[in-house]
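J.: Take a look and give me a structure for this.
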Amino acid sequence: MSTLVERGLSLLAEKLPEQAGIAVTFYRGAVAIAWTAAVGRTDAPMEVGAVLIEEHTEADFLGPAATLLVEGEPIEPRTGDRIVYADGGKTYTYQVAPMFGKEKCFRYSGPAHAMLRVHANLVNVR
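T.: From the prediction side, this is the model:
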């Protein structure tokens with residue numbers, strides 16, 4: 001029997017992409033994967049040596065783990081993978097990387113690992 005929290009997390013995993021998700025393309029080398037993910041941004045002050053850079057842009061892409069597939073098999077994101085999406089006439093390219101350099105480049109969300117939270121840095125806007 002599942003708990004109320006487990007049922008709630010399952011519902012979130014099912015509904016988040018359709019309610020808040022956008023179409024993104026996840027690249028592993030030359031392999032392009034269509035994926036739906038909600039995008040969250042984190043702007044934070046960052047210190048480099050003695051110089052304080054006011055902000056840098058990182059994003060979290062939250063989407064169903066079961067739909068990030070290569071040749072029908074689920075994959076885990078790797079540092080260096082890329083995520084690309086279009087918004088407002090611009091194309092944004094993010095590179096998967098550990099958040100603030102302190103943790104893995106992704107983590108699972110929820111006890112059933114139904115969702116992936118992928119950390120990435122903005123590397124290009126066209």
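
J.: Low-confidence stretches in this protein?
T.: Judged by pLDDT under 70, the chain has its weakly predicted residues at 1-2, 6, 9-20, 42-56, 100-102, 111.

J.: could you pull out the strands for it?
T.: Counting by DSSP state E, the chain has these strands, from start to end: 22-28, 31-48, 51-64, 69-70, 73-74, 82-87, 90-96, 106-109, 115-125.

J.: which other helices and strands contact the fourth one?
T.: Same thing as strand 69-70. Contact partners of strand 69-70 among helices and strands, from 3 or more C-beta pairs under 8 Å, 6 or more residues apart in numbering; DSSP states H and E: strand 31-48. From N, CA and C alone the C-beta is placed, and that goes for glycine too.

J.: picking up where we left off before, okay if I get the strands of the chain as TSV plus mean neighbour count?
T.: Shown next, in TSV, are those (neighbours: other C-beta atoms under 10 Å):
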stretch	mean neighbour count
strand 22-28	18
strand 31-48	14
strand 51-64	16
strand 69-70	13
strand 73-74	10
strand 82-87	16
strand 90-96	17
strand 106-109	18
strand 115-125	18
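
J.: what's across from the residue nearest in space to the middle of the chain in the sheet?
T.: Centroid-nearest residue in the chain: residue 61, 2.2 Å away (criterion: C-alpha atoms, centre = their mean). Note on residue 61: beta-bridge partners by DSSP bridges are residue 39, residue 118.

J.: That one and residue 125: what is the separation?
T.: Counting by C-beta to C-beta, to the nearest Å, the separation of residue 61 from residue 125 is 16 Å.

J.: May I have the phi/psi pair for residue 97?
T.: Backbone torsions for residue 97, taken as degrees, to the nearest 10, come to phi -160, psi 160.

J.: Give me the neighbour count for it.
T.: Residues near residue 97, counting by other C-beta atoms under 10 Å, number 18.

J.: who touches the residue nearest to the centre of the chain in this structure?
T.: Taking C-beta atoms under 8 Å, 6 or more residues apart in numbering as the criterion, residue 61 is in contact with 24, 35, 37, 38, 39, 83, 94, 116, 117, 118, 120.
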